[in-house]
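Undergrad: what follows is a predicted structure for the sequence shown.
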Amino acid sequence: MQKIEAVIQPSKLDAVKDALVEIGVEGMTITEARGHGRQKGHTEFYRGREYSIDLLPKVKLEVVVADAMLDKAILAITTAARTGAIGDGKIFVSKIDEAIRIRNDERGEIAL
Amino acid sequence: MRLSVAKVFLSLLFVLIVGGSVVGGSRVMAQTGASAASTAGISQTDRIAALEKQNADNAVAIAAAQTAGDNAWMLVSAALVLMMSGPGLALFYGGLVRKKNILGTMMQTFAMMAVITVLWAFVTYSLAFGEGNAFIGGLHNVFLKGVGLAPDPKYAATIPLQTFMVYQLMFAIITPALITGAFAERMKFSAMLVFMVLWALFVYSPMAHMVWGKGGLLNASLGGRFPTLDFAGGTVVHVTSGVSALITALYLGKRLGYPKVPMPPHSVVLSFIGACLLWVGWFGFNAGSALSSGTLATSAFVATHFGAAAAAIGWSVAEWIRQGKPSALGAISGCVAGLVAITPAAGFVTPMSALWIGLIAGVGCYFMVVKVKAAFGYDDSLDAFGVHGAGGTMGAILTGIFANSVINPIFGKDNAGNPLPTGVLEGNAHQLLNQSVGVAIAWSLSIVGTLIILFIVDKLVGLRVSEDDEREGLDLSQHGEEGYDWAH
């Protein structure tokens, strides 16, 4: 099992979600987040005072998939979330040791 | 078409009135004729008496009608001015602070709506508007003794004195509330209450008496020594609150982390709604200051609106040029600055002059807030001084320049029946001195009074919240609640 953590533009959330559902991903967790990569931030002015806002609003999406699904899922996310501009986000993949469904103690990929 | 309908209606009305009096008159003749046919002289005397009585009745009816009209507008105006404090100013200031302080900030204004009202009934109305000397009113009207429904012709001949009293109260409420913008996010609620009560007693009341009270030193319409033109409170409200605000900001010191830690407004949206409510409420503030619903009210209403619009444009353009973008916060701040500056002038100036005053104040206050504040480094957190102190001072001086006797012949007429000039542009250069005296007294009283009061309150209860409380925010530390509950 693999965990995909994708930090994406908030405006791309719906497209990414639909793309994942389409290839058969059944569960996901969404967090409203703030962050920046190479994009850095922007400046805002209030009554002449300059404020540099370096953490921008993002959405963090977490989804755990079976090993066989990994590449399809990554492709779905990159395709749906890409605008080509700086600030599109990043994807991190890590290995998951175990998954347990709380309702009935099912374990492993069947619990996803 | 509509004109001719009106003409027909008026002619009908005329016929009815004339017909009515003829019928009434003939009835009188019939009665007297029955008693003694030969005494035509008595009959004529009776007719004259009847006409005189009718005349008197008409005068009473006309006065009652005018009172009804004026009082309706004045009660609406009083309500509009209260709306400027809550929710207007509370939202305007509330949006500009960080979200942990929104309720604390709103409560400071709301507390004025309650506390200053009670204080007004007890003593401050009497100190401001009661008979007294040139500087402060006496104690004849404490607990509103003698403040009934009959008008006081010296203040406003056509409205109940109680209407005048409650209208003036709304000014006494918003003035201290304006100061709260300077010490936002760091003053103890208890200290704020004590400070404001003392400030209302010893700064606002004397200033209001000097400018508006019977026998006041600066009262232009009731024969003051230095007749200062201040239609709706440029000196009384904005200079006093703005200058006192600067003193409190300097005395309390900066907020923790200022200016290194960014403290942007948490919701310009709330401020936007507040500013728009202020704009509308200001019609009650300025046009209501005519204390009647006649032509002078119209004149003040129009000047107010034009001043606000020009200032919004002035600030926005200055900002657009200097920073590349016209911000929403800039536009609404400009509008408020214009309303402040037009306050003393409304009711004295033409619509075109109002545009100039607004434009000058909009650009001028922008530079006060952006350049001067940054140069001196004081933490006038929400720019109470930059907008009200600076805008009020500019407005008071500009009033002396642009005032016009065509709009308001306040200095009476010469022997030939021509109105005496009021402003500098009309040829009354002396008025600039009068305005400066008014402004200088307002500045001095505010600086000295506020310093003494701050010193006393600091010794008594301490002015600032603890560092921990300031970090936690006024909502939790002062009121035990939060404006925004994100968990539910």
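TA: Happy to help now that I have it.
Undergrad: state the distance from the closest residue to chain A within chain B to residue B:288.
TA: Closest to chain A within chain B is residue B:370: 3.1 Å, counting by Cβ to the nearest Cβ. Bear in mind the C-beta positions are built from the backbone N, C-alpha and C, glycine included. Going from residue B:370 to residue B:288 by Cβ to Cβ, to the nearest Å gives 33 Å.
Undergrad: sorry, back to before: shouldn't the residue of chain B closest to chain A be in contact with residue A:50?
TA: No: assessed by Cβ atoms under 8 Å, residue B:370 is found out of contact with residue A:50, at 10.7 Å.
Undergrad: looking at those two, which one has more neighbours?
TA: residue B:370 (22 against 10; other Cβ atoms under 10 Å in any protein chain shown).
Undergrad: how close does that one get to residue B:314?
TA: Look at residue B:370 and residue B:314: by Cβ to Cβ, they are 13 Å apart.
Undergrad: what does residue B:43 give?
TA: 72 Å.
Undergrad: equivalent analysis for residue B:161, please.
TA: Distance of residue B:161 to residue B:314, given as Cβ to Cβ: 40 Å.
Undergrad: residues touching residue B:236, list them.
TA: Residues near residue B:236 by Cβ atoms under 8 Å, 6 or more residues apart in numbering or on different chains: B:171, B:175, B:204, B:207, B:208, B:211, B:212, B:230, B:442.
Undergrad: where does the third one fall, phi/psi-wise?
TA: Same thing as residue B:204. Residue B:204 adopts backbone torsions of phi -70, psi -50, taken as degrees, to the nearest 10.
Undergrad: verify the stated contact: it with residue B:174.
TA: No: using Cβ under 8 Å, residue B:204 is not in contact with residue B:174; the gap is 10.7 Å.
Undergrad: out of the contacts of residue B:236, which sit inside helices?
TA: Judged by DSSP state H, the contacts of residue B:236 include B:171, B:175, B:207, B:208, B:211, B:212, B:442 as members of helices.
Undergrad: same list (the residues you listed) but as CSV, adding distance to chain A.
TA: Output for these, formatted as CSV (distance: Cβ to the nearest Cβ, whole Å):
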residue, distance to chain A
B:171, 26
B:175, 22
B:207, 28
B:208, 30
B:211, 30
B:212, 32
B:442, 25
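Undergrad: from those residues, pick the one nearest residue A:69.
TA: Residue A:69 lies nearest to residue B:175 out of those, by Cβ to Cβ, at 67.9 Å.
Undergrad: can you point me to the longest helix in the chain?
TA: If you meant another chain, say so; for now it's chain A. Identified as the longest helix of chain A according to DSSP H is helix A:70-81.
Undergrad: hmm, I had chain B in mind actually
TA: Longest among the helix segments of chain B by residue count, using DSSP H, is helix B:40-83.
Undergrad: how far does that helix sit from its chain's centre?
TA: How far helix B:40-83 lies from its chain's middle: 29 Å, per Cα atoms, centre = their mean, to the nearest Å.
Undergrad: what residues does the helix or strand just after it touch?
TA: The first helix or strand that comes after helix B:40-83 along the chain, using DSSP states H and E, is helix B:90-96. Here helix B:90-96 makes contact (Cβ under 8 Å, 6+ apart) with B:102, B:105-106, B:109-110, B:180-181, B:184, B:265-275, B:277-278, B:332, B:336, B:381-382.
Undergrad: same thing but 7 Å
TA: B:102, B:105-106, B:109-110, B:180-181, B:184, B:265-271, B:273-275, B:277-278, B:382 (Cβ atoms under 7 Å, 6 or more residues apart in numbering or on different chains).
Undergrad: contact residues of chain A facing chain B?
TA: Contact residues, chain A versus chain B (Cβ under 7 Å from any Cβ of the partner chain): A:44, A:45, A:46, A:47, A:48, A:51.
Undergrad: and the nearest residue to the fourth one once chain neighbours are set aside, what does it touch?
TA: Think residue A:47. Spatially, and ignoring its direct neighbours in sequence, residue A:47 is nearest to residue B:369 (5.2 Å; Cβ to Cβ, 6 or more residues apart in numbering or on different chains). The contact partners of residue B:369, by Cβ under 7 Å, 6+ apart, come to A:47, A:48, B:383, B:386, B:387.
Undergrad: kindly report the same for residue B:286.
TA: By Cβ under 7 Å, 6+ apart, residue B:286 lies in contact with B:231, B:232, B:300, B:304, B:343, B:346.
Undergrad: buried stuff in the strand or helix carrying residue B:285?
TA: For residue B:285, the host element (DSSP H and E) is helix B:268-286. Going by neighbour count (16 or more other Cβ atoms under 10 Å in any protein chain shown), the buried part of helix B:268-286 is B:268, B:270-275, B:277-279, B:281-286.
Undergrad: report the rounded mean pLDDT for that helix.
TA: The average pLDDT for helix B:268-286 rounds to 98.
Undergrad: go on, stretch B:54-68?
TA: Computed over stretch B:54-68, the average pLDDT equals 95.
Undergrad: mind listing what's buried in that stretch?
TA: In stretch B:54-68, counting by 16+ other Cβ under 10 Å, buried: B:66, B:67.
Undergrad: quick one: residue A:4 from residue B:82, how far?
TA: Applying Cβ to Cβ to residue A:4 and residue B:82 gives a distance of 58 Å.
Undergrad: cool, and residue B:278?
TA: Distance of residue B:278 to residue B:82, given as Cβ to Cβ: 12 Å.
Undergrad: list the contacts of the nearest residue to residue A:56 once chain neighbours are set aside.
TA: Once flanking residues are discounted, residue A:56 sits nearest to residue A:36: 5.7 Å by Cβ to Cβ, 6+ apart. With contact taken as Cβ under 7 Å, 6+ apart, residue A:36 is in contact with A:54, A:55, A:56.
Undergrad: of those residues, buried ones?
TA: By neighbour count, with 16+ other Cβ under 10 Å, these hold residue A:56 as buried.
Undergrad: skip ahead from the longest helix of chain A and say which helix or strand is next.
TA: Next element after helix A:70-81 (DSSP H and E): strand A:89-95.
Undergrad: can you list the residues that contact that following strand?
TA: A:2-9, A:37, A:58, A:74, A:77, A:81.
Undergrad: given it, what are its sheet partners and their directions?
TA: Paired neighbours of strand A:89-95 in the sheet (DSSP bridges): strand A:2-8 (antiparallel).
Undergrad: buried set for the strand it pairs with?
TA: A:2, A:4, A:5, A:6, A:7, A:8.
Undergrad: now distance to residue A:106 too, for the contacts of residue B:286, in a markdown table please.
TA: Shown next, in a markdown table, are these (distance: Cβ to Cβ, whole Å):
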| residue | distance to residue A:106 |
| --- | --- |
| B:231 | 79 |
| B:232 | 75 |
| B:300 | 77 |
| B:304 | 72 |
| B:343 | 73 |
| B:346 | 76 |
